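Novice: Sequence plus the predicted model coming up.
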Amino acid sequence: MKSLSIKNLLTSLQNLVANIEDGSQIVIPPDYSFVPMEITRALIRKKARDLRLVAAPQTGLQADILIGAGCVSEIEAAAVSLGELGNAPRFTEAIKAKKIELKDSTCPAIHAGLQASEKGIPFMPLRGIIGSDILKYRNDWKISENPFKKISNDSILLLPAIHPDYAIFHAPYADREGNIWIGRRRELALMSHAAKKTYVSVEEVRDTNLLDNEETAANALPSLYINGITICKKGSWPLGLSDLYDADRNHLQKYASQARSKSDFSKYLESYVFV
Amino acid sequence: MKSLSIKNLLTSLQNLVANIEDGSQIVIPPDYSFVPMEITRALIRKKARDLRLVAAPQTGLQADILIGAGCVSEIEAAAVSLGELGNAPRFTEAIKAKKIELKDSTCPAIHAGLQASEKGIPFMPLRGIIGSDILKYRNDWKISENPFKKISNDSILLLPAIHPDYAIFHAPYADREGNIWIGRRRELALMSHAAKKTYVSVEEVRDTNLLDNEETAANALPSLYINGITICKKGSWPLGLSDLYDADRNHLQKYASQARSKSDFSKYLESYVFV
Amino acid sequence: MSESNIKLTELLITVVSRMLRDLNHVAVGASSPIPGAAALLASGLGKGSPKVTILGSKSVNSFTDGGKELFDCAGQGRIDAFFLGGGQIDGDANVNLVGIGDYPHMDVRFPGSYGSAYLYYVVPKVILFREEHTSRTLVQKVDFISAPGKTEKNIYRPGGPHSLVTSRCVFMWEKKAQCFSLHSLHPGETLQTIRKNTGFDYIEPKKVINTLEPTEQEKKLIHGDIGKMIAEVYPSFASSRLAVDS
Amino acid sequence: MSESNIKLTELLITVVSRMLRDLNHVAVGASSPIPGAAALLASGLGKGSPKVTILGSKSVNSFTDGGKELFDCAGQGRIDAFFLGGGQIDGDANVNLVGIGDYPHMDVRFPGSYGSAYLYYVVPKVILFREEHTSRTLVQKVDFISAPGKTEKNIYRPGGPHSLVTSRCVFMWEKKAQCFSLHSLHPGETLQTIRKNTGFDYIEPKKVINTLEPTEQEKKLIHGDIGKMIAEVYPSFASSRLAVDS
């Protein structure tokens, strides 16, 4: 009998990112939700190339730094922004300089595409969007007549499944069975269900089983969906993580200002990534 | 300023079922998931008629007793059964006697129909099912070409949204804000999102706010989706409720045997419902 | 309970469990105590590999996304084996969970199709399990196809039938020939008893083996921890078929 | 920070809050500190009616179903009001959150459309909010339609524009005429300053009122509990615009 405990899933940060091949499509969480910044830095260190990012559904620091470091060839997102700190400088620069392909989307369209993969269906309908210019540039989206229409000419958008190679995120902890505490951040479950494989970093491993207790079970993303776990203290830094730590606003301000120029951004990488 | 506390939602069992009009479509949980038996008995006492049940996705005791009591005109379900205790006798009898309309379905089709309502979309695609006789008798289901097909003639089933008037269930507790503890029984959230209104019975109200704490928030169905709450001790009896109490097997055996004949079933109602 | 009944239960559990080795994840649906016990046996009490999900269980079920998760998970390709029963099963591997007679007001009504009309299509290894092996249950043609064994070309179907296990024997589904072949005989059965009690035609290969019987260790586990675990969901079964009281 | 800046902030919060009374549920999306504060003011600190959901907040957000819940909830008809901004807004109530110039490699790139291309269709009362009121932001025709103000007949659209609030005035969306009309002038503004600084045409009714100013009680709340609550999500805003430090 093989043991299914977390031991089979635990690996080093370096080994974990070694699994993520150049050219992979990777789904990443929004900036408020368990962003795997330490994994991101490890991807930059291993010189990942041609990553195709899918933001679920928007992103900020994580995508900006990956784009700035030259790891990204394509991004699908409803928005890329540093929030209160303004536009994402490396993203903005890369768009102007035609360095990356951009698939502009809208939040519920990305959720719907991921849900299609979660359900194993090839597409998902969605209301709205018809009349938006977003649609003009999405040759992969289709308009169809609603086959259940009550009025004539009831057009509806159909979105193809988004089936990323990998989902990555950082969580407060894993239990001894490899279940991941995600609390109410259920977009992480959706990402994981939709992706072929999921790699997670955690602050710690706790000697408990979330599923043993009905009070804690709802917090768990079952290990069934997890392909590798690594332990990183402050793995979301400089972003915050649930109740554990807040975003490091001073550092984020520093990033927002250094990322404005290519040379300062390189210095940033030297100071905080290649260390 | 109106208060949003649970006080605005609390009502008596009698008033709660008074909201549910004859002819309503009601979505009910599976037998393992928080079945509102006390609400069910109150519906029988108020002589509810022509209820159209949707099982999410199968049912047992709850539907059987409602059917036996003459409250039901239609049921959509993937299965109706008393589990280890055998077939549901009143359901089986009503089918033979042509007393109720039956929409035979399959579990994921009901989930998909409810998810369509949850997303505000008119339909949802689903794999499988083509070739099953279920499809023959479902004029409301449609086959379509997959517009994203990679092979020719890739047919796929499209299921219309199921948009029940009411969702009903019984839960361990409500918090002081009217949020309902559902734990990992997320089909109850789906039912509630899909239904126009949700009425819930609870074992008790606790002076806490589930959403105040990230450790408990994931257990909550927010009061946003709740239209009325009543307090019933042992409201799932004779079925079990999460960790609080197990199913009353002796009583269920009694039911399974008494429900076999119409007259014994009437006696059952007199002993346990009209009291 | 009779001793022969217990012996049969042990045999069926071990037969099925041997089909589940080397899989990642086995799910067990409604009304399936023997498949549930078999999955637990294959996985070393649900703690090893394959992972086991038993619907209706709290302890052997890691799902946290509601009733739809089983089906979503299967649609994602994350369930390698599942079990289907049926009031009737025919030689095309069609299963009937709906009833006997003319639909909808049938002479005999079964509970309904559950998730069969979906899972049979998307789970690679679907094991049909039906203890009663008579020409009443194993029929030439089912009265209602809850889920078909075969599907027209071009219909998306990564999954399908793997085998049919009864109280008398094991049939394997022959993908190429698209029919069942007799694989192994349980103790006391012969080629003749199978032929006599089976309502559909099937391939009878030259070599039909005897079903491998459970080891002493397997029996011990079945009546010990597995019995206790399965009693959580199937108390009557555990009591009547394994002499384990919950 | 300047006193006039704080006064304007107070005014905008109260103006918007008065549009939210008698609703059941108001949701506030990304980069919307003033609408967020306004919703809190309307609801009595998020504890009364309307219910308030502020994205990115832990304390004023009852969602437990992940990022999709906002959109599902709106699709179910359970969100009565939402806010959209835009680098550009035009007289057809089109909003542009994507950029200026030729798509995709635009001269100025904004963050992106977020959920606008959906929520604008399904939320009954969408309030456009854009502080900068110049012919640079309020343009004749947006360079990119993230979400359109108008939709062809037969396209499902229970929602749409309700009003446009800027640092200078309030425009109301006239459903019949399908254009904006000037509704109220903030202190210091005239019909002429509005006309001069607006890039699109709009109806100028005979009676244009002055925007109602905040009461002392409202101001107190804004700088007190509301400031603290909004600082959870928008610390820089709370500090620079409300003089509230988190």
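Specialist: Now that the structure is in, tell me what you want to look at. Residues are numbered from 1 along each chain as shown, chains lettered A, B, ... in the order given.
Novice: List the residues that contact the residue of chain C found nearest chain A.
Specialist: Residue nearest to chain A within chain C (CB to the nearest CB): C:Gly75, separated by 2.3 Å. All C-beta spots, glycine's among them, are computed from the backbone N, C-alpha and C. By CB atoms under 8 Å, 6 or more residues apart in numbering or on different chains, C:Gly75 lies in contact with A:118-121, B:108, B:127, C:122.
Novice: who wins for neighbours among those?
Specialist: Within those, most neighbours by other CB atoms under 10 Å in any protein chain shown means B:Pro108, with 31 neighbours.
Novice: Check what pLDDT it gets.
Specialist: With respect to pLDDT, B:Pro108 scores 98.
Novice: Quick check: the gap between it and chain D.
Specialist: 19 Å (CB to the nearest CB, to the nearest Å).
Novice: do C:Leu164 as well
Specialist: In terms of CB to the nearest CB, C:Leu164 sits 41 Å off from chain D.
Novice: Whichever residue of the stretch 151-275 of chain A sits closest to chain C: neighbour count?
Specialist: Distances between the stretch 151-275 of chain A and chain C by CB to the nearest CB are smallest at A:Pro222, namely 3.8 Å. For A:Pro222, the neighbour count with other CB under 10 Å is 24.
Novice: Is it possible to get JSON lines of the contacts of C:Gly75 that adds secondary structure?
Specialist: Shown next, in JSON lines, are those (DSSP: H, G, I helix; E, B strand; the rest coil):
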{"residue": "A:Glu118", "secondary structure": "helix"}
{"residue": "A:Lys119", "secondary structure": "helix"}
{"residue": "A:Gly120", "secondary structure": "coil"}
{"residue": "A:Ile121", "secondary structure": "coil"}
{"residue": "B:Pro108", "secondary structure": "helix"}
{"residue": "B:Arg127", "secondary structure": "coil"}
{"residue": "C:Val122", "secondary structure": "helix"}
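Novice: Go through those residues and name the one nearest chain D.
Specialist: Of the contacts of C:Gly75, the one sitting nearest to chain D (CB to the nearest CB) turns out to be A:Glu118, at 10.5 Å.
Novice: List phi and psi for the residue lying closest to the closest one once chain neighbours are set aside.
Specialist: Leaving out its chain neighbours, the residue that sits closest to A:Glu118 by CB to CB, 6 or more residues apart in numbering or on different chains is A:His193, at 4.1 Å. Backbone torsions for A:His193, taken as degrees, to the nearest 10, come to phi -60, psi -40.
Novice: again with the one 10 residues further on
Specialist: A:Glu203 adopts backbone torsions of phi -70, psi -40, taken as degrees, to the nearest 10.
Novice: Once you drop chain neighbours, what's closest to it?
Specialist: A:Pro172 (5.4 Å).
Novice: Could you verify my assumption that the one you found touches A:Val200?
Specialist: No: assessed by CB atoms under 8 Å, A:Pro172 is found out of contact with A:Val200, at 10.8 Å.
Novice: which one of the two has more residues nearby?
Specialist: Legend: neighbour count by other CB under 10 Å for A:Pro172 and A:Val200, higher for A:Val200 (30 against 21).
Novice: That one reaches A:Ile229, doesn't it?
Specialist: Yes: contact between A:Val200 and A:Ile229 holds when scored by CB under 8 Å: they sit 5.2 Å apart.
Novice: what touches both of the two?
Specialist: Common neighbours of A:Val200 and A:Ile229 (CB under 8 Å, 6+ apart) are A:174, A:180.
Novice: helix, strand or coil for residue 102?
Specialist: No chain specified, so I'll use chain A. Assigned by three-state DSSP, the conformation of A:Leu102 is strand.
Novice: Hmm, no, I was thinking of chain C.
Specialist: Recorded secondary structure, C:Asp102: coil (three-state DSSP).
Novice: How about the one 4 residues further on?
Specialist: Counting by three-state DSSP, the backbone at C:Met106 sits in coil.
Novice: Now do the helix or strand hosting A:Ser192: everything it contacts.
Specialist: Assessed by DSSP states H and E, A:Ser192 sits inside helix A:187-194. Residues outside helix A:187-194 that contact it (CB under 8 Å, 6+ apart): A:27, A:29-30, A:33-34, A:56, A:111, A:114-115, A:117-118, A:161-164, A:167, A:169, A:171, A:180, A:182, A:198, A:221, A:225-226, C:64-65, C:72-73, C:76, D:66-68.
Novice: Look up how far B:Pro108 lies from the residue in the stretch 1-150 of chain A positioned nearest to chain C.
Specialist: Of all residues in the stretch 1-150 of chain A, the one sitting closest to chain C is A:Gly120 (2.3 Å; CB to the nearest CB). In this view, A:Gly120 and B:Pro108 are 9 Å apart by CB to CB, to the nearest Å.
Novice: And A:Asn179, by the same measure?
Specialist: Here A:Asn179 is placed at a distance of 24 Å from B:Pro108 (CB to CB).
Novice: Kindly report the same for C:Ser32.
Specialist: From C:Ser32 to B:Pro108 the distance is 18 Å (CB to CB).
Novice: ok, now A:Ser81?
Specialist: Distance of A:Ser81 to B:Pro108, computed by CB to CB: 37 Å.
Novice: Next: A:Asp212.
Specialist: Separation of A:Asp212 from B:Pro108 (CB to CB) stands at 28 Å.
Novice: Do I have it right that A:Ala88 meets A:Ala79?
Specialist: No: using CB under 8 Å as the test, A:Ala88 is too far from A:Ala79 to be in contact (9.2 Å).
Novice: related to what we said a few turns ago, okay, and which of the contacts of helix A:187-194 map to helices?
Specialist: If you go by DSSP state H, the contacts of helix A:187-194 have A:111, A:114-115, A:117-118, C:72-73 in helices.
Novice: which ones are touching the residue in chain C sticking out farthest from the centre?
Specialist: Within chain C, the residue lying farthest from the chain centre (CA atoms, centre = their mean) is C:His105, at 27.6 Å. Contact analysis of C:His105 by CB under 8 Å, 6+ apart lists B:95-98.
Novice: do C:Arg78 as well
Specialist: If a contact means CB under 8 Å, 6+ apart, then C:Arg78 has A:224-225, C:24-25 as its contacts.
Novice: mind redoing it with 6 Å?
Specialist: Counting by CB atoms under 6 Å, 6 or more residues apart in numbering or on different chains, C:Arg78 touches C:His25.
Novice: Repeat that for C:Asn61.
Specialist: Counting by CB under 6 Å, 6+ apart, C:Asn61 touches C:53-54.
Novice: which phi and psi does the residue most central in space within chain C have?
Specialist: The structure's chain C has its C-alpha centroid closest to C:Phe129; by CA atoms, centre = their mean the separation is 2.9 Å. When read as degrees, to the nearest 10, the backbone of C:Phe129 gives phi -130, psi 120.
Novice: Was I right to think it contacts C:Ala81?
Specialist: No: contact between C:Phe129 and C:Ala81 fails when scored by CB atoms under 6 Å: they sit 11.3 Å apart.
Novice: ok so, going back, separation between the residue nearest to A:Glu118 and chain B?
Specialist: Using CB to the nearest CB, we find A:His193 at a distance of 13 Å from chain B.
Novice: Likewise for A:Gly131?
Specialist: Distance, A:Gly131 to chain B, by CB to the nearest CB: 17 Å.
Novice: ok, now C:His186?
Specialist: Between C:His186 and chain B the computed distance is 24 Å (CB to the nearest CB).
Novice: residues touching that residue, list them.
Specialist: C:His186 makes contact with C:168-169, C:211, according to CB under 6 Å, 6+ apart.
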